[in-house]
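*Asks:* Below is the structure, and that's it, no one-letter string:
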Ligand SMILES: NC(=O)C1=CN([C@@H]2O[C@H](COP(=O)(O)OP(=O)(O)OC[C@H]3O[C@@H](n4cnc5c(N)ncnc54)[C@H](OP(=O)(O)O)[C@@H]3O)[C@@H](O)[C@H]2O)C=CC1
Ligand SMILES: CC(=O)C(=O)O
Ligand SMILES: [Mg+2]
């Protein structure tokens with residue numbers, strides 16, 4: 001008989017190796033799998049078979065964050081099962097703190113499955129004989145095969161489904177494939193394809209991903225969080241699905257976004273997948289088409305508003321803090337603006353939260369502008385900005401530009417904001433509209449006569465930088481782009497709306513209509529364009545450049561709050577990664593191929609800022625934050641199971 005935190009088990013119910021786990025003093029043999037407990041609480045036999053060997057020292061070294069990358073076959077992480085505190089203690093067995101992985105179950109467990117890459121020895125020791133064909137593939141060959149398979153699909157959604165299937169089957173293979181082919185596969189797991197996937201989520205739904213918290217779970221969210229199999233969560237991306245990209249209210253089907261964003265946290269920012277939690281809050285949908293769709297997966301009711309909504313969100317935010325502590329990062333994603341700004345203001349002072357659409361986007365676009373200044377000349381304060389779209393993305397970017405300008409010139413924010421103009425669905429935002437404006441638009445209501453059409457606003461304001469954040473496609477017409485090109489030698493144009501169908505213009509339109517003079521970036525990627533014998537490559541102005549590195553920086557420093565200065569630091573770090581060679585091609589963002597290195601630099605700057613502001617709790621501050629950030633990143637290399 002032995003006891004695990006008060007629960008007694010017959011000693012023959014665990015294999016010898018697991019007894020070794022309990023008994024060993026010097027080395028801790030830490031099972032990936034503790035036990036499968038039957039309803040009567042008895043561990044099922046043969047389940048403790050996959051072991052990772054780790055010394056206590058290694059565990060302590062590994063403990064701060066995520067995962068120490070390691071070339072070793074056996075180390076490579078802490079807390080994959082229990083988290084850092086588990087090094088010396090086996091946790092109480094409850095239905096949610098163990099998993100089964102041996103033999104057939106091992107092949108069905110995406111965290112540990114290696115498919116054909118299981119070695120002969122592993123096949124022997126982990127009851128896999130006969131469950132796999134005789135061939136052994138290495139990781140590289142598996143990646144090659146999958147890439148070949150993916151390229152056979154002509155329809156992007158088929159590729160998306162294939163990638164999700166892989167993630168559900170073999171997580172490490174999924175991440176290796178994604179990380180090594182990030183430029184090719186980002187558009188599959190992220191914008192634009194993830195937009196279509198959300199629209200059709202009900203039809204393509206196979207296995208649930210992430211946590212669904214609906215009004216039905218009101219009063220029980222703490223329990224719902226316990227149903228999630230992982231205990232050590234470091235990043236949560238949460239949406240309520242009301243503004244999914246530029247596609248509007250997709251209700252519960254917005255889950256594709258947190259899932260996609262978090263796979264980028266891992267692939268681009270090195271956050272361990274098991275510490276990422278995608279969440280969709282389902283308060284209904286006002287999308288009539290979905291409400292009538294028999295395959296819709298969410299609550300079939302119109303959206304809850306007011307107190308009912310606020311109470312559910314409040315319960316969620318409290319439950320998260322109670323379950324995962326105050327250092328869990330919560331990223332708000334794709335909320336409609338009537339909730340987004342309020343949620344950020346409400347929880348920004350009590351939780352480690354940021355809104356990706358408002359703040360992450362601001363940071364990435366400010367970086368792009370900083371890089372563009374190398375091409376167009378002048379400093380920030382010498383430029384004039386016009387936005388189409390005065391919502392989360394638009395006003396978020398505008399505010400960060402004003403803040404940076406204020407820091408650079410010493411001018412008050414009220415002054416630097418005057419460099420920015422905005423057009424919404426009712427036309428130019430001017431002072432005479434003040435009374436009817438939502439609060440986040442008011443700082444941008446300057447003195448001017450009313451102007452209805454964008455093209456007229458462009459002609460009157462004469463901006464040097466035009467930014468589309470309207471969620472409405474094709475708004476940068478030929479006339480608009482040509483107007484920009486009449487008074488700018490090199491007009492800077494951002495068409496940020498996602499997915500591609502909602503882009504304010506295409507790369508081809510921007511280059512052709514400006515006669516090859518535009519400095520162009522877009523939210524969703526465009527293929528290179530040939531114009532008059534020259535090839536133009538455009539950058540992707542997407543918050544995916546920022547949030548993975550920002551998150552990594554917050555985690556490695558143990559930050560307890562997000563501060564605007566961290567966003568500015570992230571912008572500077574990203575802009576510094578744009579090489580002369582990139583600029584010569586007209587690129588104002590570095591290639592995504594280098595994103596892990598870029599994320600480490602962003603993380604280091606963000607972490608340094610957290611220490612400087614006294615918001616970091618992980619002490620002492622590492623000497624070299626870049627090296628430290630890199631050393632903490634998740635590696636998808638397979639582990640050798642003993
Ligand atoms: N590239 C990136 O990294 C990111 C891109 N985005 C994209 O930006 C877009 C907007 O997102 P977000 O700011 O959150 O959305 P919001 O709903 O908060 O804001 C949209 C704004 O666009 C205005 N608008 C809509 N249609 C028109 C039109 N035909 N003419 C003029 N103005 C219009 C709205 O006007 P009104 O207020 O009058 O209704 C509103 O001000 C989305 O497509 C999203 O995918 C968002 C975040 C990041
Ligand atoms: C990129 C992103 O966050 C959006 O389009 O909403
Ligand atoms: Mg978003």
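*Replies:* Happy to help now that I have it. Note that the structure is a prediction, hence the values are computed from the model and not measured. Ligands and ions are numbered 1, 2, ... in the order given.
*Asks:* mind listing the strands for the stretch 301-450 of the chain?
*Replies:* Remark: strands assigned in the stretch 301-450 of the chain by DSSP state E, counting those that start in this stretch are 329-332, 353-355, 385-388, 420-424, 427-428.
*Asks:* need the residues of the stretch 401-550 of the chain near ligand 1, please.
*Replies:* Neighbours of ligand 1 within the stretch 401-550 of the chain, by C-beta under 6 Å from any ligand atom: 423-426, 469-472, 475, 496-498, 502, 523, 541-543. To be clear about C-beta, it is placed using only N, CA and C from the backbone, and glycine gets the same treatment.
*Asks:* Just give me the neighbour total for residue 252.
*Replies:* If you count neighbours by other C-beta atoms under 10 Å, residue 252 ends up with 25.
*Asks:* Okay, and the closest residue in space to it that isn't next to it in sequence sits in which element?
*Replies:* In this structure, residue 252 finds its nearest non-sequential neighbour in residue 298, 2.6 Å apart by C-beta to C-beta, 6 or more residues apart in numbering. For residue 298, there is no enclosing helix or strand under DSSP states H and E.
*Asks:* Residue 298 against residue 286, yeah?
*Replies:* No: the pair residue 298 / residue 286 is not scored as a contact, 11.7 Å apart, by C-beta atoms under 8 Å.
*Asks:* Neighbour count for those two, which is higher?
*Replies:* Using other C-beta under 10 Å, the more surrounded residue of residue 298 and residue 286 is residue 298, with 25 against 15.
*Asks:* need the contact list for the more buried one.
*Replies:* 214, 241, 251, 252, 253, 282, 284, 285, 290 (C-beta atoms under 8 Å, 6 or more residues apart in numbering).
*Asks:* In the stretch 451-600 of the chain, what residue lies closest to ligand 2?
*Replies:* Nearest residue of the stretch 451-600 of the chain to ligand 2, counting by C-beta to the nearest ligand atom: residue 498, 3.7 Å away.
*Asks:* quick one: what helix or strand has that residue in it?
*Replies:* Residue 498 belongs to no helix or strand, assigned by DSSP H and E.
*Asks:* Now for it, how many residues are close by?
*Replies:* Applying other C-beta under 10 Å, I find that residue 498 has 23 neighbouring residues.
*Asks:* Ok, residue 388 next?
*Replies:* By other C-beta under 10 Å, 26 other residues sit near residue 388.
*Asks:* quick one: it and ligand 1, what's the gap?
*Replies:* 5 Å (C-beta to the nearest ligand atom, to the nearest Å).
*Asks:* so what's that residue up against?
*Replies:* 394, 423, 454, 466, 467, 468, 469, 470, 475, 476, 504.
*Asks:* Just the pLDDT for the first one.
*Replies:* If I follow you right, that is residue 394. Reading off the confidence values, residue 394 has pLDDT 98.
*Asks:* Could you verify my assumption that it touches residue 387?
*Replies:* Yes: the criterion here is C-beta under 8 Å, and residue 394 meets it with residue 387 at 4.3 Å.
*Asks:* list the residues that contact both of the two?
*Replies:* In contact with both residue 394 and residue 387: 422, 467, 469, using C-beta under 8 Å, 6+ apart.
*Asks:* Quick check: nearest residue in space to the most centrally placed residue in the chain, chain neighbours excluded?
*Replies:* With distances taken as C-alpha atoms, centre = their mean, the residue of the chain nearest its centroid is residue 261 (3.0 Å). Leaving aside its sequence neighbours, residue 261 sits nearest to residue 237 (C-beta to C-beta, 6+ apart; 4.6 Å).
*Asks:* doesn't that neighbour fall inside a strand?
*Replies:* Yes: counting by DSSP: H, G, I helix; E, B strand; the rest coil, residue 237 is located in a strand.
*Asks:* Does it touch residue 257 like I think?
*Replies:* Yes: Residue 237 is within contact range of residue 257, at 7.5 Å (criterion: C-beta under 8 Å).
*Asks:* Between the two, which contacts overlap?
*Replies:* residue 333.
*Asks:* neighbour-wise, which of residue 394 and residue 387 wins?
*Replies:* Neighbour totals were compared for residue 394 and residue 387, and residue 394 leads with 32 against 28 (other C-beta under 10 Å).
*Asks:* Next, the contact list for that one, please.
*Replies:* 387, 388, 422, 467, 469, 470.
*Asks:* ditto for residue 137
*Replies:* 115, 116, 117, 145.
*Asks:* Let me know how buried the residue nearest to residue 261 is, in neighbour terms.
*Replies:* So residue 237, with other C-beta under 10 Å, has 27 neighbours.
*Asks:* circling back to that earlier point, hang on, the residue of the stretch 451-600 of the chain closest to ligand 2 packs against residue 192?
*Replies:* Yes: Residue 498 is within contact range of residue 192, at 6.7 Å (criterion: C-beta under 8 Å).
*Asks:* Can you check which residues contact both of the two?
*Replies:* residue 524.
*Asks:* How about the one residue in the stretch 301-450 of the chain that gets nearest to ligand 1, nearest residue that isn't a chain neighbour?
*Replies:* Nearest residue of the stretch 301-450 of the chain to ligand 1, counting by C-beta to the nearest ligand atom: residue 391, 1.9 Å away. Nearest residue to residue 391, sequence neighbours excluded (C-beta to C-beta, 6+ apart): residue 337, at 4.6 Å.
*Asks:* ok now do that neighbour, which residues does it touch?
*Replies:* 243, 391, 392, 438, 440.
*Asks:* now what about the strand or helix carrying residue 467, what contacts it?
*Replies:* Using DSSP H and E, the element containing residue 467 is strand 465-468. When contacts are defined by C-beta under 8 Å, 6+ apart, strand 465-468 is touched by residues 365, 369, 372, 383-389, 394, 397, 458, 475-476, 480, 484, 491-497, 503-505.
*Asks:* Okay, and which of the residues you listed map to helices?
*Replies:* The helices, defined by DSSP state H, take in 365, 369, 372, 394, 397, 458, 480, 484 from the contacts of strand 465-468.
*Asks:* Tally up the residues packed near the third one, please.
*Replies:* Using other C-beta under 10 Å, the number of residues around residue 372 comes to 27.
*Asks:* Quick check, it in contact with residue 520.
*Replies:* No: with contacts counted by C-beta under 8 Å, residue 372 stays clear of residue 520, the gap being 9.9 Å.
*Asks:* for this structure, which strand is longest?
*Replies:* Using DSSP state E, we find that the single longest strand of the chain is strand 276-282.
*Asks:* ok, then the element right after that one?
*Replies:* Per DSSP H and E, the first helix or strand lying C-terminal to strand 276-282 is helix 288-292.
*Asks:* pLDDT of that following helix, averaged?
*Replies:* 97.
*Asks:* Mind listing residues that contact it?
*Replies:* By C-beta under 8 Å, 6+ apart, helix 288-292 touches 202, 249, 250, 251, 253, 285, 296, 298, 300, 301, 302.
*Asks:* Just the closest of those residues to residue 179, please.
*Replies:* Relative to residue 179, the closest of the contacts of helix 288-292 is residue 253; by C-beta to C-beta it sits at 27.1 Å.
*Asks:* Quick one: neighbours of the residue of the stretch 151-300 of the chain found nearest ligand 1, just the number.
*Replies:* In the stretch 151-300 of the chain, the residue that lies nearest ligand 1 is residue 246 (2.7 Å; C-beta to the nearest ligand atom). With neighbours defined by other C-beta under 10 Å, the count for residue 246 comes to 25.
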